[in-house]
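# sequence and predicted structure, then a few things I'm wondering about:
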There are 2 protein chains.
Amino acid sequence: MKLYFAPNSRAVRIAWLLEELGLDYDLERFQLGQPEMRAPDYLNVHPMGRVPALQDGDTVMFESGAIIQYILARHAKGRLQPSEDSAEFPIYLQWFHYCEGMVMPPMNSIVVETILLPPDRRSEVHARRATKLLGQMLVAIEQRLEGRDYLVDDFTAADIMTGHACLMSGRVGVDLSALPNIRAYNARLAERPALVRALAL
Amino acid sequence: MKLYFAPNSRAVRIAWLLEELGLDYDLERFQLGQPEMRAPDYLNVHPMGRVPALQDGDTVMFESGAIIQYILARHAKGRLQPSEDSAEFPIYLQWFHYCEGMVMPPMNSIVVETILLPPDRRSEVHARRATKLLGQMLVAIEQRLEGRDYLVDDFTAADIMTGHACLMSGRVGVDLSALPNIRAYNARLAERPALVRALAL
């Protein structure tokens, strides 16, 4: 497998998963914003020039959630997700999808308004609204983590998706002081050797 | 199964799926913005008081993508998605996740800036930026639909997720005049009896 990767992007999720599973992979490494990501060669891989994308034999695909579900189905032998007939399976799916459905839209807005836009085009109103919304989305995670180490029982791919979003929340400056379960969760995730390796790529 | 539903929401996706599969379900019907969606009873079902949510026996879950994948795994007998070992499976996953990963974030911004916010708090700059971004996200779908009736081969649940977002794009006023494949796709989806029934709920 070949992973199209950039640090500080959703591609970290895929590297983290591959490291957790101990799978071999090659890395095509970009920096976010690098012109090579908009070159025709790469636009054949991802039509908007984004990361992650994955090549596995003849298969080329993008979307981090899709790539994770693909790798789990084809290469994980049942690891990192509950079996489909278990009571945990729907809960696992819920927290897997919660990442892009609920957490990432306000996160994207914060990144746009505080990092991507030139300072004279940023909107403080918009950034504040997104930060407030993100805080609300994190409260449900905070409640879910009460008495739990991970979102389901054992560590699963839902922790890679939504856990990565929790880690990002701290890094974009969201105030986590009233969210002790998320702070402990982030610390727990940050100690996982697979994530340490993915973050060093 | 009981579906917590409101018209003009992502809950239409779940009703559409259930109708496509011919499954029985009960409906708990709200209107978006109705105070009952913030009542303690419903906050026990969905911590942010949103729709859709699904109850199936002892299982209660939310997130439209998660609910669809759950129903497919438990109740669809292999219908509406390619088998995991097929070449279409990763492509199916990609377009399934493309909906919330790429299309819905700018869509959400457009709905906020043109419908949800009171007029004096709306930002035309922000609405225009979201409309431009949504247009870019639709171009990849336009290209994918060249020579195809649906995103994969036959109609799949990826068409329920991302197809619903394409239908919404037209309804929030995105200019589809340069996207003939999406216009034809939307017309094709709108003729499906299961969607007609879901939209009438």
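Yep, that arrived.
# quick check: buried residues in the helix ranked longest in chain A?
Longest helix in chain A by number of residues (criterion: DSSP state H): helix A:124-144. By 16 or more other CB atoms under 10 Å in any protein chain shown, the buried positions in helix A:124-144 come out as A:126-127, A:129-131, A:133-135, A:137-138, A:140-142, A:144. Yep, even glycine has a C-beta here, placed from its N, CA and C like the rest.
# may I have the phi/psi pair for residue A:59?
Taking degrees, to the nearest 10, you get phi -90, psi 130 for the backbone angles of residue A:59.
# pairing partners for it in the sheet, please.
Counting by DSSP bridges, residue A:59 forms beta bridges with residue A:56.
# correct me, but it touches residue B:87?
Yes - contact criterion CB atoms under 8 Å: residue A:59 and residue B:87 qualify, at 7.2 Å.
# I'd like the buried residues of helix A:124-144 laid out as TSV, including pLDDT.
Shown next, in TSV, are these (pLDDT from 0 to 100):
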residue	pLDDT
A:126	90
A:127	91
A:129	91
A:130	93
A:131	93
A:133	92
A:134	95
A:135	93
A:137	95
A:138	97
A:140	96
A:141	97
A:142	97
A:144	97
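# of these, list those near chain B.
Among the buried residues of helix A:124-144, proximity to chain B is found for A:126, A:137, A:140 (CB under 8 Å from any CB of the partner chain).
# and the closest residue to the second one other than its chain neighbours, what does it touch?
Counting by CB to CB, 6 or more residues apart in numbering or on different chains, the nearest residue to residue A:137 once its immediate chain neighbours are dropped is residue A:102, at 4.6 Å. With contacts taken as CB atoms under 8 Å, 6 or more residues apart in numbering or on different chains, residue A:102 has the following neighbours: A:137, A:140, B:48, B:63.
# and residue A:86, how far is that from residue A:152?
Going from residue A:86 to residue A:152 by CB to CB, to the nearest Å gives 10 Å.
# I meant to write residue A:57 there.
Between residue A:57 and residue A:152 the computed distance is 30 Å (CB to CB).
# equivalent analysis for residue A:72, please.
14 Å.
# and the gap between residue A:60 and chain B?
Distance, residue A:60 to chain B, using CB to the nearest CB, to the nearest Å: 8 Å.
# what does residue A:65 give?
Separation of residue A:65 from chain B (CB to the nearest CB) stands at 4 Å.
# name the element that residue belongs to?
Element membership of residue A:65, judged by DSSP states H and E, is helix A:64-75.
# now that helix, how far from the centre of its chain.
13 Å (CA atoms, centre = their mean, to the nearest Å).
# checking the residue sitting furthest away from the middle of chain A next. Helix, strand or coil?
What lies farthest from the middle of chain A is residue A:120; by CA atoms, centre = their mean that is 29.3 Å. Of the three states, residue A:120 takes helix under DSSP: H, G, I helix; E, B strand; the rest coil.
# how close does it get to chain B?
12 Å.
# does anything pack onto the host helix or strand of residue A:17? Which helices or strands?
Using DSSP H and E, residue A:17 sits in helix A:11-21. Applying 3 or more CB pairs under 8 Å, 6 or more residues apart in numbering or on different chains; DSSP states H and E, we find helix A:11-21 packed against strand A:2-5, helix A:64-75, helix A:157-171, helix A:193-199.
# quick one: contacts of the last one?
Read it as helix A:193-199. A:7, A:12, A:15, A:16, A:19, A:20, A:189, A:190.
# which of these sit farthest apart?
Pairwise distances across the contacts of helix A:193-199 peak at 18.3 Å for A:7 and A:20 (criterion: CB to CB).
# re the thing from before, for the residue nearest to residue A:137, give me the pLDDT.
pLDDT for residue A:102: 95.
# got the domain ranges for chain A?
Domains of chain A are assigned by automatic domain parsing as A:2-80, A:88-192.
# report the distance from the first one to the chain centre.
The reference is to domain A:2-80. The answer for domain A:2-80 is 12 Å, by CA atoms, centre = their mean.
# again with the longest one
Between the mean C-alpha point of domain A:88-192 and the mean C-alpha point of its chain there is a distance of 9 Å (CA atoms, centre = their mean).
# from one end of it to the other, what's the distance?
Domain A:88-192 stretches 22 Å from its first residue to its last (CA to CA, to the nearest Å).
# now do the first one
Taking CA to CA, domain A:2-80 runs 21 Å from one end to the other.
# many thanks, have a good one.
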